[in-house]
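Q: sharing a sequence plus its predicted fold:
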Amino acid sequence: MKSTFATLPQVAHREPVRIRLRQCARTFAGRQGQHTALHPLDLAVEPGETLVLLGPSGCGKTTTLRIISGLEQPDAGGEVWFGDEQVTHLPIEKRDVGMVFQNYALFPNMNVAANIGYGLKIRGYSAEVIRQRTGEMVDMVHLQGLEQRAIHELSGGQKQRVALARAMAVQPRVLLFDEPLAALDAKLRDRLRIDIGQLLRQLGITAVYVTHDQAEAMALGDRIAVMEKGRIAQLGTPQQIYHQPATAFVADFIGTVNRFAILGRGQGSLQVTGGGLPSDYQGDASLLYCRPEDVRICTDDEPVAVRGRVIQRFFLGQSQRLLVDTGAAEPLQVDSSSRQHWQVGDAISLSVPADALFAITGNQTQPHAGEKAESAAGSST
Ligand SMILES: Nc1ncnc2c1ncn2[C@@H]1O[C@H](COP(=O)(O)OP(=O)(O)OP(=O)(O)O)[C@@H](O)[C@H]1O
């Protein structure tokens, strides 16, 4: 992969490294006894890959990241490898990692340029290399003209750009991000998310990115590890995680799902709670799921239409989410174009294409009709 740093041979270009965790667990002693933050975890991040750790608060994302960085040690027996070097007992300053945190962690007494050049300075690079490299990083994160500003004179988004530039300036072996956008408002978060995505692709550095924001995870991750209670519930590409969730937890955490209980098959359709579905679904699970955007609003005379009534409507800008009472225990969630006029109380007919249905059986997703089993959810290795 092309490195943007090729113009500065003085700062060594590195081949991206593979990160590997072997049986990394972390137990904390608390007032109520031992608390397992992380169950023994095996995980590989491929060279140049961005792996996102995604999950709710307390699921062990930050602990995993801190074990990779050296800020935290795994329990005895756990190993951390960067390429073929075991780094388990190396302190953070010897691991050659760049970190970007939610709270920026910038040096308040130094200006923008000095913050960005700090890592190069303590590594003994010449003033000329530092000046050139800092300029390159300033361009990269779009901070031109702000080089001499004090940190307290910057906005949150600008501070995070400085933190990014500082982390990348020394071209570390590994880049680690801990909720870097969590403190920013929605618009800035979107903008920086795009910029970080472009930078990561451009640099080709192996990166691990912690977030609880699924949109961020989908946009940035080559793969996503969804974590639940100190374990990886599923590891896969954003597409696999979204379309073939391995567990009900993953399906619920990543977006919204509709659930259908299967009552039986008959008369060309699958009888489910709240209506019928096409009978060409091949699986034999007792629960089926589909995403709101896959439910089709149709005409009354279509044979497998599920009929219902709109009970709530949320306008979302680019689309609208309708909650439809079909007589089942839970309303069906349906996405519709935001230009369609729906009112609470309107009658509506819906259908779900067979290939939009998926089943979840235990820890393994059954691929929906027509899909190959091998494309189903992966597990951590
Ligand atoms: N130093 C510590 N001492 C005791 N318990 C800890 C410590 N650090 C983390 N924990 C506990 O370990 C569990 C996992 O914490 P961790 O910070 O990894 O979660 P997280 O997924 O990053 O959550 P969040 O999104 O809230 O940061 C939590 O229950 C947390 O309370």
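A: Thanks, I have the structure now.

Q: now the helices for the protein?
A: Using DSSP state H, the helices assigned to the chain run over residues 61-69, 92-95, 112-122, 127-140, 156-169, 186-203, 214-220, 238-243, 248-253.

Q: closest one to the ligand among these?
A: Ranking those by proximity to the ligand (CB to the nearest ligand atom) places helix 61-69 first, at 3.1 Å. C-beta: built from backbone N, CA, C; applies to glycine.

Q: quick one, what contacts residue 102?
A: The contact partners of residue 102, by CB atoms under 8 Å, 6 or more residues apart in numbering, come to 178, 179, 180, 181, 182, 183.

Q: do you know how far the fifth one is from residue 58?
A: As defined by CB to CB, to the nearest Å, residue 182 lies at a distance of 15 Å from residue 58.

Q: in the chain, which residue is closest to the centre?
A: By CA atoms, centre = their mean, the chain has its centre lying nearest to residue 217, at 2.0 Å.

Q: isn't that residue right up against residue 211?
A: Yes: in this structure, residue 217 is within contact of residue 211 by CB atoms under 8 Å, at 5.6 Å.

Q: now residue 15: how far from residue 94?
A: Taking CB to CB, one finds residue 15 at 19 Å from residue 94.

Q: one more: residue 148?
A: For residue 148, the distance to residue 94 - CB to CB - is 33 Å.

Q: who touches the residue nearest to the centre of the chain in this structure?
A: By CB under 8 Å, 6+ apart, the neighbours of residue 217 are 52, 54, 209, 211, 224, 238.

Q: please pick the buried ones from these.
A: Neighbour-count burial (16 or more other CB atoms under 10 Å) applied to those gives 52, 54, 209, 211, 224, 238.

Q: closest to residue 188 out of the residues you listed?
A: Closest approach to residue 188 among those (CB to CB): residue 211, at 15.1 Å.

Q: what's the pLDDT at the closest one?
A: According to the prediction, residue 211 has pLDDT 95.

Q: spell out which parts of the chain neighbour the ligand.
A: Counting by CB under 6 Å from any ligand atom, the chain comes close to the ligand at 28, 30, 35, 37, 55, 57-63, 212.

Q: if we use 8 Å, what do you get?
A: For the chain, the residues in contact with the ligand (CB under 8 Å from any ligand atom) are 26, 28-30, 35, 37-38, 53, 55-66, 72, 178-179, 210, 212, 227, 230.

Q: beta partners for residue 210?
A: The partner list for residue 210 in beta bridges (DSSP bridges) reads residue 53, residue 178.

Q: enumerate every residue touching it.
A: Neighbouring residues of residue 210 by CB under 8 Å, 6+ apart: 52, 53, 61, 62, 64, 65, 177, 178, 179.
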